[in-house]
Each structure stands twice: as structure tokens, then as C-alpha cells.
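> sequence unknown, structure follows:
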DNA sequence: GTCGCCCCTCCATCTCAGTTGACGAAGGCA
DNA sequence: TGCCTTCGTCAACTGAGATGGAGGGGCGAC
């Protein structure tokens, strides 16, 4: 990770380095280009693959992203910003935690209420927690 | 799933339909475009968003994909993987609701409460909705 | 040697992703 | 009523994404 490891170029480079034909050297740009085309994917030029790997081009279209990801056997999400994706995935994880509770319903219906009403409801929730003897974490949050 | 549900246009359309400002109608193309730009994202034109939704353009670049996904609070994989799309669609409304910090807070804290308490809170939420003139249940969506 | 082949690199070119600007319809306000 | 704003829609333009082909180095065969 000498350069910024988050860049698209770094990821493409990593794919070339790691996923190899059978055991020998790396795939050549031309091989990849031809394989993608033959697999029914969009046309992609060897030169362009080189540009992506070197970082000269870093904003490919959806179809090319799909094609390259498909060839190397990784999900297209692989190429996207990790921090942002993780943040959203974390939210999704939270949702599954709330899966079968009526909590879902409450959240859905609370959406759109005024700030003051939300505050009141939050207070009520907090009070009920207290009454039911649930943990009252006064520690706001542990630093990241 | 009237049209082909797997297309990018269908997905973008679905996002516009489901994730709404606070309660009212859909986001306008211009609102989304401006919000993306203001969030430090790439420049994107309202017209282009319209084209994506209508299916006139369906091959956006990585950066624009990221921007749109980011705005609607879904991972970029939403636009690629159909399985992922379904998974997220199932929870989109909730995901949207939880974007509001206070609502999220309530959901988190309500988690673990007894069934009876949750019921009481749900009732209270419903009553407040009524008082604030927000749409009541029973109408999933009014057909045109 | 030198010919042929494959690969990476570079540059000129073209295509299409993305923007700009304009138009009509549908409200809000005086 | 008329003006002004906001919105979705459309057509034409601009420029970045993507391509094709040429140059150049390495390696084996003849």
C-alpha cells in the first residue's frame, strides 16, 4: 500500500497481480480484453485496461465495470469506495437486527414527524427502558 | 415488475418512488442534482438524472453511480447485483426512515423493549401522526 | 544476425456519456 | 388577469470515456 490503496488503479492492479491464468504470469491486457468480448461482454480495448491499471483513466462506465469485475470473478462492488460502502452496509446490518420486531413499524411511522414530537417519543422510549431495567448507556459512544 | 425489473432505469425509478424527502412527494431531479453537488460529489445535471430514470441513458460512470447511490443511501452494488437489489428493496422504506438521526435513535433504543411497551409507543406515534396531519395507514399507495 | 511474435506504451481519433439551454405545463402570488 | 417560479421534457452541443493503430523493447526460432 505505498500509493493510496483505495484508488481504482490500485484495485485493478491488485486483480492483475493476484488472479493469474493457471499459475504462470499475469494475464496480458489483450487476453483480458479478448476474453471479455468473447464472453458476450461489451467491447473493451487492451489499451483501456492498461489505462485503468495505471490510473490514467479512473471513471469507467457501468458496463465496463461489470465486465472487468466479471472477468476477475469479483463483485462490481469491489471497485467502489470502501469507507462509504462499509458505512451503508453497517446500516443494513442494523436493519437486520431490527428484523422481526415491531420496532420496524415504529421507525417507519415515526418518519416525518416533527422534531419536537420525535424528541418527546425518544424521551418516552428512554423512560420505558428505565422502567424495564434495560441498560442505560450514559457513555455516548466509544471513539472510532 | 411491469417492465423489466432488472434494468437500471427501473431501479432508479424505484428509488425515486420510495425514498422521499420527509413525507411529501418525490424528490425533484433538480433537488437531487443540487444535493449531490453540495455534498461534494461530482457535478450531475437534473436532465441526466431524468434520462437515467427514463432509460434514455443507461451506462453511467463510476463516479455518477456512486453519487446517486450515495444520495439515496444505498450501496452502489444496488445497481449491479439483482439479489442485492431485492434485499435492499425489502428494507428501503426503513432504510430511508433511519436516515433521520432522531428516528434512528428511537429505533435503536426501542429495540429490546417488551411487546406491550412497544405497542404503547406505536400507538403514541400513530396518534401524533394524526395530530400532525400526516397520512394514516390503510392507504399503501393511492393509485393514479 | 534478423525475422517474427507478443507485450506494453503512447498518441490521434471517434463515440457516446453528460451538459446546456429552451420550451410548455402547472401552480403560487399580487 | 398577468407575472414569476418550478418542474418535467426535449434536442443539440461539448468533452471525457474509450478505441485503433503505430512505435519500441524483449525473447525464441530460423
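In hand now; what should we look at? Just so it is clear, the structure is predicted and the values come from calculations on it, not from any experiment.

> which residues of chain A fall in helices?
A:8-18, A:29-38, A:46-54, A:62-72, A:82-97, A:103-110, A:115-131 (DSSP state H).

> out of those helices, which gets nearest to residue B:122?
Among the helices of chain A, the nearest to residue B:122 by Cβ to Cβ is helix A:103-110 (5.3 Å). (C-beta placed from N, C-alpha, C; glycine too.)

> state the distance from residue A:49 to residue B:48.
Distance, residue A:49 to residue B:48, using Cβ to Cβ, to the nearest Å: 27 Å.

> neighbour count winner among those two?
residue A:49 (25 against 17; other Cβ atoms under 10 Å in any protein chain shown).

> show me what contacts that one?
By Cβ atoms under 8 Å, 6 or more residues apart in numbering or on different chains, the contact set of residue A:49 is A:12, A:29, A:32, A:33, A:68.

> how about it: what's its closest non-neighbour residue?
residue A:29 (4.5 Å; Cβ to Cβ, 6 or more residues apart in numbering or on different chains).

> the one you found and residue A:50 touch, don't they?
Yes: using Cβ atoms under 8 Å, residue A:29 makes contact with residue A:50 at a distance of 5.1 Å.

> between those two, which one's more packed in?
Ranked by neighbour count (other Cβ under 10 Å), residue A:29 and residue A:50 place residue A:29 first, with 19 against 16.

> show me where pLDDT drops low in chain A?
A:1-5, A:23, A:100, A:137-144 (pLDDT under 70).

> go ahead and flag the most central residue of it.
Closest residue to the average C-alpha location of chain A: residue A:85 at 3.1 Å, with Cα atoms, centre = their mean.

> can you tell me the closest non-neighbouring residue to that residue?
residue B:75 (5.2 Å).

> what's around that neighbour, how many residues?
The burial count for residue B:75: 24, using other Cβ under 10 Å.

> quick one: residues contacting it.
Residue B:75 neighbours (Cβ under 8 Å, 6+ apart): A:77, A:80, A:85, A:88, A:89, A:92, B:69, B:84, B:88.

> most packed of the helices of chain A?
With neighbours defined as mean count of other Cβ atoms under 10 Å in any protein chain shown, the helices of chain A peak in mean count at helix A:103-110, which reaches a mean of 23.

> near DNA strand D, which residues of chain A are found?
A:42-45, A:47-48, A:51, A:57, A:59-61, A:63-64 (Cβ under 7 Å from any atom of the strand).

> possible to save the residues you listed as JSON lines with distance to residue A:112?
Output for the residues of chain A next to DNA strand D, formatted as JSON lines (distance: Cβ to Cβ, whole Å):
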{"residue": "A:42", "distance to residue A:112": "42"}
{"residue": "A:43", "distance to residue A:112": "47"}
{"residue": "A:44", "distance to residue A:112": "46"}
{"residue": "A:45", "distance to residue A:112": "50"}
{"residue": "A:47", "distance to residue A:112": "52"}
{"residue": "A:48", "distance to residue A:112": "47"}
{"residue": "A:51", "distance to residue A:112": "47"}
{"residue": "A:57", "distance to residue A:112": "43"}
{"residue": "A:59", "distance to residue A:112": "37"}
{"residue": "A:60", "distance to residue A:112": "39"}
{"residue": "A:61", "distance to residue A:112": "37"}
{"residue": "A:63", "distance to residue A:112": "38"}
{"residue": "A:64", "distance to residue A:112": "40"}
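
> among the residues you listed, which are within reach of DNA strand C?
Okay, of the residues of chain A next to DNA strand D touching DNA strand C (Cβ under 7 Å from any atom of the strand), that's A:47, A:59, A:61.

> in the sheet, who's paired with the last one?
If I follow you right, that is residue A:61. Counting by DSSP bridges, residue A:61 is bridged to residue B:61.

> shouldn't residue A:68 be in contact with residue A:33?
No: counting by Cβ under 8 Å, residue A:68 stays clear of residue A:33, with 10.0 Å between them.
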